[in-house]
Structures are given as C-alpha cells and as structure tokens.
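Pasting a predicted model and its sequence here:
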Amino acid sequence: MTVPFTAGQSDPTVQPVPTSVVEQVDAADHTLSNPHRAVISLGSNLGNRLETLQGAVDALEDTPGLRVKAVSPVYETEPWGVEPGSQPAYFNAVVLVKTTLPPASLLERAQAVEEAFHRVRDERWGPRTIDVDIVAYADVVSDDPALTLPHPRAHERAFVLAPWHDVDPEASLTGRGSVAELLDALTREGVEPRADLELRLPE
Ligand SMILES: Nc1ncnc2c1ncn2[C@@H]1O[C@H](COP(=O)(O)OP(=O)(O)OP(=O)(O)O)[C@@H](O)[C@H]1O
Ligand SMILES: Nc1nc2c(c(=O)[nH]1)N=C(CO)CN2
C-alpha cells in the first residue's frame with residue numbers, strides 16, 4: 001500500500017517558498033484584483049489629428065485589463081517647448097482609465113499605441129502623429145527615467161491640466177497640488193477648447 005504524503009509534512013520534493021517570493025506573488029494578485037486609476041494625455045500635431053486621437057482612445061479601450069472611463073474635450077494648442085511657429089498646432093485631450101496593468105505594462109501599451117500610429121522619434125519635442133503620456137498612475141511617485149510618475153512636466157502644461165480639469169474638477173497631481181490651482185497659475189493662452197469637435201467614449 002502506498003501512503004500519500006501529507007502536504008507540508010514530509011514530501012522531500014516540496015521546498016519552502018522564500019518569503020520575498022510570497023510577497024511578490026501577493027502584490028501581483030493584489031494588483032490584478034484591484035484596478036487603479038490612471039490619467040493619460042494624448043497629443044497629435046501631424047496628419048488627421050482628431051482621427052488619430054480617436055484611434056488612440058479606441059486602442060486603449062481594446063487593451064485587456066484597461067477600461068476608458070472618461071474622455072475630455074479636445075483642445076487646439078500651440079506647441080509647447082519649441083520655437084513659436086516652428087510646428088503645426090496640436091490637438092490635445094486627456095483620458096481617465098481604470099486598469100489592472102502595472103505601470104510598466106501601461107507604458108508599454110502606450111508606446112505600442114504610438115507605434116501603431118507610426119510615431120517617429122527624432123528630435124526632442126518634435127512633431128508627432130501621436131504622443132501618449134502617462135500623467136499619473138494612482139498615487140505612485142517614481143523618478144525612474146523610463147517611467148517618471150507623475151509625469152515630470154504635467155504640472156506646467158496647460159494642454160494637460162485644462163482637459164484633465166474638465167473631466168475631473170477635483171483632481172490633484174500627487175506631490176504638486178490640485179489641478180485647479182496648478183491651472184490657475186498658468187496662462188491658458190494658446191490652449192483653446194474646440195467645442196466643434198468631440199472624441200467618443202468607447203461603448
Ligand atoms: N510618465 C511618462 N509617460 C510616458 N513616457 C515617460 C514617462 N516617464 C518617462 N517616460 C519616458 O520618456 C521617454 C520619452 O518619451 P517621449 O518621446 O514620448 O517624450 P516626449 O513626449 O517627446 O516629451 P515629454 O516627456 O516632455 O512629454 C519614453 O521612452 C519613456 O520611457
Ligand atoms: N501643445 C503641445 N505641445 C507639446 C506637446 C503636446 O502634446 N501639446 N507634447 C510635447 C511632448 O510631449 C511637447 N509639446
């Protein structure tokens with residue numbers, strides 16, 4: 001007669017799992033069952049800007065583990081950080097999402113969406129068909145250059161804060177203060193709402 005091993009007792013093939021591994025698995029499980037809010041900024045100043053922004057919203061919604069909860073109005077904005085008149089005007093918008101993806105996977109997905117719209121990277125702040133930036137992910141603060149959170153320049157960009165404020169007037173940017181106050185401190189010149197245009201919230 002074979003006597004089965006009693007779990008956790010004398011089976012020599014069962015090795016103890018290190019506490020660090022248990023903690024990592026628990027953290028991953030927690031993330032999976034606990035969606036986080038994230039704020040994503042979209043910008044386009046080449047090609048059919050509205051169509052591209054809508055394509056990016058739809059591609060985000062098609063991401064497993066991500067739901068788009070809100071889409072902001074569209075703004076037409078002067079290019080920020082470059083010589084005036086050197087680039088076409090942008091369309092900008094912000095989307096609020098809930099996601100079970102960890103921050104690094106969300107960035108990967110954002111970059112895949114940029115690639116799908118043939119975003120070319122040559123000069124810093126060069127014109128682009130689409131830019132997908134992670135403005136904030138829950139209350140995560142990170143100075144990792146590959147993914148800095150919140151986005152290190154979001155607090156000084158009215159083209160991010162104005163649409164974000166429209167969809168979440170109570171929002172705050174971790175470590176910086178309320179979006180409403182940050183926006184008050186900036187000029188809105190060159191950041192014009194385009195009430196004649198609209199992005200659809202995917203069904
Ligand atoms: N919060 C963030 N969102 C998106 N990319 C980030 C973030 N933090 C760091 N990065 C890194 O920044 C790198 C450059 O990104 P990108 O080319 O989109 O910059 P940019 O949009 O031209 O400028 P900016 O960062 O000022 O918006 C990316 O490869 C990415 O790894
Ligand atoms: N108006 C505007 N200016 C920019 C934008 C943008 O989305 N809108 N994105 C940049 C790099 O992320 C640099 N400058």
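Yep, it's here. Ligands and ions are numbered 1, 2, ... in the order given.

Now do the SS call for the residue in the chain that ligand 2 sits nearest to.
Residue of the chain nearest ligand 2, by C-beta to the nearest ligand atom: Gly43 (2.4 Å). For the C-beta atoms, the positions are set from N, CA and C on the backbone; glycine is no exception. Here Gly43 is strand, with the state taken from DSSP: H, G, I helix; E, B strand; the rest coil.

separation between it and Gly65?
Using C-beta to C-beta, to the nearest Å, one gets 24 Å for the distance from Gly43 to Gly65.

try Ala56
As judged by C-beta to C-beta, Ala56 and Gly65 stand 17 Å apart.

Pick out whichever of the two has more residues nearby.
Shown here are Ala56 and Gly65; by other C-beta atoms under 10 Å, Ala56 has more neighbours (26 against 15).

From the structure, what's the count of residues near the closest residue in space to the residue of the chain closest to ligand 2 that isn't next to it in sequence?
In space, and not counting its chain neighbours, Gly43 is closest to Asp131: 4.3 Å by C-beta to C-beta, 6 or more residues apart in numbering. Neighbourhood size, Asp131 [other C-beta under 10 Å]: 19.

Asp131 contacts Ile40, doesn't it?
No - Asp131 is not in contact with Ile40 according to C-beta atoms under 8 Å; the separation is 10.4 Å.

List the buried residues in the helix or strand encompassing Val68.
For Val68, the host element (DSSP states H and E) is strand 66-71. Buried residues in strand 66-71, counted by 16 or more other C-beta atoms under 10 Å: 66, 68-69, 71.
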